[in-house]
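[1] got a predicted structure plus its sequence, pasted below:
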There are 2 protein chains.
Amino acid sequence: MAPANQKFELKTPKGTKDWQGKDIVIRDRIFSTITDVFKRHGAVTIDTPVFELKEILSGKYGEDSKLIYDLADQGGEICSLRYDLTVPFARWLAMNRDVQNIKRYHIGKVYRRDQPAINKGRMREFYQCDFDIAGNFDSMIPDAEVIRIATEVFEGLGWSGRYLIKINHRKILDGIFASCGVPAESIRAISSAIDKLDKAPWSEVRKEMVDQKGLDPEVADRIGEYVMLKGQRDLLIKLKEDKNMAENKVAMSGISETELLFDYLDAFHATENVSFDLSLARGLDYYTGIIFEIVALESEASVKPGAHSGSKKSSLNKSLAGVDEDRSSDPSVGVGSLAAGGRYDNLVGMFSGKNQIPCVGISFGVDRIFSITKSRMAAENSFDAVRNNAVDCYVMAFGGKGFTGLLKERMSICATLWEAGIKAEFLYKIKPKLPNQFKAAETNSVPFCIVVGEDELAKGQVRIKEMGLRDGHPEKEGVLVDLSDIVVQIRERLQEKVISDKSAKNPES
Amino acid sequence: MAPANQKFELKTPKGTKDWQGKDIVIRDRIFSTITDVFKRHGAVTIDTPVFELKEILSGKYGEDSKLIYDLADQGGEICSLRYDLTVPFARWLAMNRDVQNIKRYHIGKVYRRDQPAINKGRMREFYQCDFDIAGNFDSMIPDAEVIRIATEVFEGLGWSGRYLIKINHRKILDGIFASCGVPAESIRAISSAIDKLDKAPWSEVRKEMVDQKGLDPEVADRIGEYVMLKGQRDLLIKLKEDKNMAENKVAMSGISETELLFDYLDAFHATENVSFDLSLARGLDYYTGIIFEIVALESEASVKPGAHSGSKKSSLNKSLAGVDEDRSSDPSVGVGSLAAGGRYDNLVGMFSGKNQIPCVGISFGVDRIFSITKSRMAAENSFDAVRNNAVDCYVMAFGGKGFTGLLKERMSICATLWEAGIKAEFLYKIKPKLPNQFKAAETNSVPFCIVVGEDELAKGQVRIKEMGLRDGHPEKEGVLVDLSDIVVQIRERLQEKVISDKSAKNPES
């Protein structure tokens, strides 16, 4: 063994962190809200290895490939840590040829050697929560369900009115670029410039296109007229009436698919938070159809784009413009998208050749959702009230002179409670002091304690005390109950507490 | 993007696998049983990064360090994948000096570049489920609770009578070695030879000690007399009466701690499955006190060591002897231990110097527990009945000539069900065929379907059909209900189904 006084740099690797305490309780609630939604839609889960053969990841991420973590060559296969959960899913689909369609979700950590920005929730190790629908189905039906899932997740997380689902279609974008005169070979480069419109003003993006990417300034100006447009169905009608669009087959196909999507979103009661936004381009190469991104709205604004897309446009545009400077007090500012996704019909075929399986999916960025949730809870003073664990009952001993500590009695009572499924703790001391036991129970807001005393025990009794009762409450000093009856007594009190806590939270019900 | 016809080797890296289908459903049940036990004891969870700075892991695993996966040096820090969850926990404790005691659990994947043996559940990427109690407490109280937790986990998993908790104490072993005449510098080497007694007969282990490790044959024979001993309190009494032991302070301290442990296990109602086994040595260097290992018993045997430690010794010893050859039909054979752990009082101090925090913990090997569970379920024909997902309701359309498919109506009904928290699916086709819809529902054993037809819908009605009813059942053809009442109607039926399924499983209750 190494000498005990060896010096270590006590830290986690750059861009990684330990999850602990109340943070992990809140994070796990987010996971369980999201998982509940996925399961409600019939999804199953798949768990792939944290690393893949390096060649599986090659050629999937364009310029971002430099951010992939490699494992050292220690003999044998060359592997890399996964960069997302989508490529491993496509590899799995290609390997499992008996699966021609599936709804799968996957919650797991992914790895990117990016510059970390911890306060914005950008880490080198971070969680993704992915949901994807794979299979040959009729147009836009799975796409609409994925967007419906996004609304269920954010409504379930309590973000009603505070999020916006931006959608666009790759074919519409490609049609715009072509009809404005962008040369075919520049389309991806121009598209990734457009993608910066949520962080930079048009003048900067135009400059990048003209100065760095050599685009004709007139072409850039023509593009500018389109990509600043936002709306819902109104914008679809406008595009269909546009002469340039009407002449472009690719654009018209994207427009009619987007129309169908809106029809289906109506049927799914899911149009309200959707904004059709021509500035949305998404970086990744593999998207082939609808693309979308969910962003947080200013908490004050509570804009409902669906309900007021006409009248509130200026307020909506403000919240979309991404001018971060004067909104620094809002925790949702500057964290980027909370979820994103789209249709990728060709990725599985990259692995399996002819066995092409079209897919559409969404990835929720839990670290970012967590960062905003935590800031909001802190602002509302609800963070401190989160319990670290959910212990029901603290079993403690009390006695005067000649106090033995009643350790085995406490152990035996705990064993009885555990056998009944009741969460219980006691202090690991032979002769614990009463204040230390109360302090341990209070630190975790344990609702009940069982006080074991020698005199009471001689009569086969113990005292149940509800913590936090006011002076003068009839049960402030606790209630004596038969030890043989302890499980029933605690269960009854826990049930009553659940009911009274619920009615305290929802006084109207 | 890479060309679509690029050839990939479609596999996961050696020693890793994808979890999918019914396997992951069963695995998640195992996780949730284990997590419920941990939470019942007041544990909180911590989630550390998958990789650590390489120097954190150095000098902790002895010879096994060669099995550690390193990340490639791509500039910046040098990191390795975690080898277990214990060292990262010790690093966390050393970093978080405000935490002087904690009960923590952690479920996560760990990485070892070992020779994989997939049918035995030995993988390069595998799950560990760890529970540890850290803090300065009175002797043996947390140790007893950790063993109590092991019994709750295996009882909770339905393994009653099919597992054995072997315990030993490092101080007793060290005392035996010293009093038999093992030189101090050979103690760890002799100890790791002894650890092989669960896989090899005494003659082989003796040979290794004498031939390879240069031990005096007489000393080896003296050791042999001790390490073949197994029992419970009877063995403790025997050791205390042994002259060599009585003269050895270290051994006597171990013996009295183990006595105390048995007292506490009695108080915890947890002695029954425990075997005090002097051949248990455990490989890892960092253990300092009690050590334990949980093994599967032959499923036929159902030996209860605590209840019959005298009379059934031969049967018990047979099940402990590890003679694998003639038990190859038993899935529990040859998979090694299902869980293991012990006390490690000096590990945190290796990171933090003076801030020493004593710890005791256990690690459950979920891959091995899963392998046996799955084999048993297959033998009992209960594996196929596991549902891939838990969908409550399949919404399907039915119609004659001029059938439109009623897609938006199905979508809207699903949205209503999802809003009520009911798990629902439909087929992503505009005009789906009725047999295809029934097949999709049957494949996943969906209990109810809602059949939407144009005539019924015109009257505001839909048909609810319970799947799998026998011919002649009054509701075989389904029941017409008002669409506006659909949530209430489905909820009622789901509740009745839960009750009837329960009473079918437990006919006596």
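    Sure thing, it's come through. Numbering: from 1, shown residues only, chains lettered A, B, ... in the order given.
[2] only C-alpha atoms from now on, for both contacts and neighbour counts.
    Will do.
[3] all strands for the stretch 351-500 of chain A, in order.
    For the stretch 351-500 of chain A, the strands defined by DSSP state E, counting those that start in this stretch occupy A:359-365, A:393-398, A:424-426, A:448-453, A:461-466, A:479-482.
[4] output the lowest mean pLDDT helix or strand found in chain A.
    One helix or strand of chain A scores below all others by mean pLDDT, DSSP states H and E: helix A:313-321, with a mean of 35.
[5] give me the number of residues near the residue of the stretch 201-350 of chain A found nearest chain B?
    In the stretch 201-350 of chain A, no residue comes nearer to chain B than A:Met350, which is 4.4 Å away by CA to the nearest CA. A:Met350 has 24 neighbours, counted by other CA atoms under 10 Å in any protein chain shown.
[6] next one: A:Phe262
    Neighbours of A:Phe262 (other CA under 10 Å): 21.
[7] so which elements touch the helix or strand encompassing A:Ile165?
    Per DSSP states H and E, A:Ile165 falls inside strand A:163-169. Judged by 3 or more CA pairs under 8 Å, 6 or more residues apart in numbering or on different chains; DSSP states H and E, the packing partners of strand A:163-169 are helix A:249-267, strand A:274-277, strand A:290-296.
[8] after that strand, which helix or strand is next?
    Counting by DSSP H and E, what follows strand A:163-169 is helix A:170-180.
[9] tell me the first helix or strand C-terminal of that next one.
    Following helix A:170-180 in sequence, per DSSP H and E, is helix A:187-194.
[10] contacting residues around that following helix?
    A:173-174, A:177, A:205, A:208-209, A:213, A:227, A:279-283, A:285 (CA atoms under 8 Å, 6 or more residues apart in numbering or on different chains).
[11] next, the buried residues of it.
    A:188, A:190-194 (16 or more other CA atoms under 10 Å in any protein chain shown).
[12] just send those back as a markdown table, with pLDDT too.
    Below are the buried residues of helix A:187-194 laid out as a markdown table (pLDDT from 0 to 100):
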| residue | pLDDT |
| --- | --- |
| A:Arg188 | 82 |
| A:Ile190 | 90 |
| A:Ser191 | 88 |
| A:Ser192 | 85 |
| A:Ala193 | 89 |
| A:Ile194 | 91 |
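[13] kindly indicate which of the residues you listed lies nearest chain B.
    A:Arg188 (11.2 Å).
[14] OK, contacts around the residue nearest the centre of chain A?
    For chain A, the residue nearest the mean C-alpha position is A:Val366 (3.1 Å; CA atoms, centre = their mean). By CA under 8 Å, 6+ apart, the contact set of A:Val366 is A:27, A:30-31, A:127-129, A:338.
[15] for it, give its distance to A:Gly468.
    35 Å (CA to CA, to the nearest Å).
[16] what's the pLDDT at the residue nearest to A:Asp345 when sequence neighbours are not counted?
    Counting by CA to CA, 6 or more residues apart in numbering or on different chains, the nearest residue to A:Asp345 once its immediate chain neighbours are dropped is A:Pro358, at 3.9 Å. In this model, A:Pro358 is scored at 96, pLDDT.
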